[in-house]
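A.B. asks: Give me a 3D structure for the following:
(2 chains)
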Amino acid sequence: KQEVTQIPAALSVPEGENLVLNCSFTDSAIYNLQWFRQDPGKGLTSLLLIQSSQREQTSGRLNASLDKSSGRSTLYIAASQPGDSATYLCAVVILTGGGNKLTFGTGTQLKVEL
Amino acid sequence: NAGVTQTPKFQVLKTGQSMTLQCAQDMNHEYMSWYRQDPGMGLRLIHYSVGAGITDQGEVPNGYNVSRSTTEDFPLRLLSAAPSQTSVYFCASSYLAGRLYEQFFGPGTRLTVL
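C.D. replies: Numbering: from 1, shown residues only, chains lettered A, B, ... in the order given. Predicted coordinates for the structure are as follows:
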């Protein structure tokens, strides 16, 4: 059974700091990996999606990397801002006969302080 | 496009009551799914569908029914609500083939069962 772990569970940093969020998974037979952001009381917003054949994806101040063989992904946030405060979730996608299934980590709660 | 929409946003039920959570998408996605999100447990897959008329169980299907009569709609039914079903419910959709299987989520329904 695929298990996805995110460390740390919570993180507090001062504004402007660069930071890294970690995601690890136990089964390397994934199709892709997706990073989401969730604001309190809200739904999930897709940030980045990395195919299993890719090493990284970038969007603005966000950079996600994937090392499939070691079962790890990182989300790098450059020059953090208070507006980045949210919970960040990673999810791995596995293809089955019944379609594509996501297995989620429990998230990292980020707080960026002024 | 409205994306993925869910109704209601909030609901309070008494034990034993039944209700239907609505989910609709206007992106012509074949794949739709329901997740529940509980503190400390992440998002878990309840049921999913790979197209109209085709549904299957996910990780935590007990107590829930689904049907998929159209591509756009994927309602989730609670037949006899229990306090253990208190949770936040998210509907998601994606293409089944191609497009990297990126999943899009609705805003969620917050359900309390007393």
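
A.B. asks: Show me which residues of stretch A:3-22 are buried.
C.D. replies: The neighbour-count check on stretch A:3-22 (16 or more other C-beta atoms under 10 Å in any protein chain shown) flags A:4, A:6, A:11, A:13, A:19, A:21 as buried. For the C-beta atoms, the positions are set from N, CA and C on the backbone; glycine is no exception.

A.B. asks: how much space is there between the second one and chain B?
C.D. replies: This points to A:Gln6. Separation of A:Gln6 from chain B (C-beta to the nearest C-beta, to the nearest Å) stands at 9 Å.

A.B. asks: element containing that residue, please.
C.D. replies: strand A:4-7 (DSSP states H and E).

A.B. asks: Paired strands for that strand, with orientation please.
C.D. replies: strand A:19-25 (antiparallel) (DSSP bridges).

A.B. asks: Do me a favour and average the pLDDT over the partner strand.
C.D. replies: Averaged over strand A:19-25, pLDDT sits at 96.

A.B. asks: Can you give the contact residues for that strand?
C.D. replies: Residues outside strand A:19-25 that contact it (C-beta atoms under 8 Å, 6 or more residues apart in numbering or on different chains) are A:2-8, A:11, A:13, A:33, A:35, A:71-77, A:80, A:88, A:90, A:92, A:103, A:105, A:108, A:110.

A.B. asks: go on, stretch A:34-49?
C.D. replies: Contacts for stretch A:34-49 (C-beta under 8 Å, 6+ apart): A:23, A:32-33, A:50, A:57-59, A:62, A:64, A:73, A:75, A:86-93, A:102, A:107, B:90, B:92, B:100, B:102-108, B:110.

A.B. asks: quick revisit: what pairs with the helix or strand following the strand holding A:Gln6, and is each one parallel or antiparallel?
C.D. replies: Proceeding N to C from strand A:4-7, the next assigned helix or strand is strand A:10-14, under DSSP H and E. In the sheet containing strand A:10-14, its partner strands are strand A:108-113 (parallel), by DSSP bridges.

A.B. asks: Thanks a lot, see you next time.
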